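Fold the stuff below for me.
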Amino acid sequence: MSTARSRTAGSPFTEREGARAYVRGMKRTSGPGKILKDSDHRAYPVPAGPWALSMSWHDLLFMHWPVSAEELRPLIPPALNLDTFDGDAWLGVVPFRMSGVRPRFLPAVPGLSGFPELNLRTYVSAGGRPGIWFFSLDAHNPVAVRLARATFHLPYFDARMSSRKEGEGISYRSVRTHRGAWPAEFAGRYRPAGEPFESRPGSLERFLTERYCLYTADGRGNVRRGEIHHQLWPLRPAEAEVETLRMTGQIGVALPDTPPLLHFSERLDVLAWPPKRLEP
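Numbering: from 1, shown residues only. Here you go, the predicted structure:
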């Protein structure tokens, strides 16, 4: 078992700023209308068309490692720029739990609208819009896996997963079970370990977390952009004990033998739009 505690990367924040961030975070459990009105933090406007999906993300852990951009560049479509911070590309392993996943105008369905999810990601951009490139997304919901593959062209995989509260922390386990897929596994415990804060412009935390689109490729290799929107991430420093971490064999990249940068977030409400093909 390896133990990691969050490394400070951004600007320091005061206790007063932390208290304000906590109060703002407590007010974030709001409907789509409220979320859409809160958009001043974005680098570009909220999409004009109607959103397609609403969801909430809970008990999320960001685990980030700096990696060589030369290693990741061949894994990213040529149409996308691989984003770096101070010369490093970044790999993220992100376990969390989803709830209230529902299409616009339809209610959430018990048993189908909530499930654990675990993703492996890096950070890219196109046309001046920074976003996320997912190498994989494991989910404990076979219906969601197949719908996301078919409609959003995302690399979702079936997995046997559990996410359980233990005091202030989370015990999390995931084993990929998708037929024919590369093995992937994560097991560990994590918890918040500091006061809430919001990332500051220009900080590494802002670079890693405040991204309002995802990029993917369809079956013909066409790159698509799916827009998302949410309020600023309510972040907290975190610590974790990792028992098993086998997520990067699928892309042939070894994680550095250094502690990851860790952040925890209790809840974020999110809207998503259907992915659209990038114009050449």
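
how many other residues sit next to residue 158?
Residue crowding around residue 158 was assessed by other Cβ atoms under 10 Å; the count is 18. C-betas here are computed from N, CA, C, even on glycine.

nearest residue to the most centrally placed residue in the chain other than its sequence neighbours?
Residue closest to the average C-alpha location in the chain (Cα atoms, centre = their mean): residue 94, at 5.8 Å. Leaving out its chain neighbours, the residue that sits closest to residue 94 by Cβ to Cβ, 6 or more residues apart in numbering is residue 119, at 5.1 Å.

Would you agree the one you found falls within a helix?
No. Going by DSSP: H, G, I helix; E, B strand; the rest coil, the assignment for residue 119 is strand, not a helix.

Test my guess that it contacts residue 148.
No. Using Cβ atoms under 8 Å, residue 119 is not in contact with residue 148; the gap is 11.4 Å.

Now the phi/psi pair for residue 209, please.
Here is the backbone geometry of residue 209 (degrees, to the nearest 10): phi -110, psi -30.

OK, contacts around it?
62, 199, 233, 235, 263 (Cβ atoms under 8 Å, 6 or more residues apart in numbering).

cool, residue 228 as well?
Contacts of residue 228 (Cβ under 8 Å, 6+ apart): 212-214, 270-273.

can you give me the offset of whichever strand or helix holds the residue nearest to the centre of the chain from its chain's centre?
For residue 94, the element it lies in under DSSP states H and E is strand 89-103. Averaging C-alpha positions (Cα atoms, centre = their mean, to the nearest Å) puts strand 89-103 4 Å from its chain's average.

That one: which residues count as buried?
89-98, 101 (16 or more other Cβ atoms under 10 Å).
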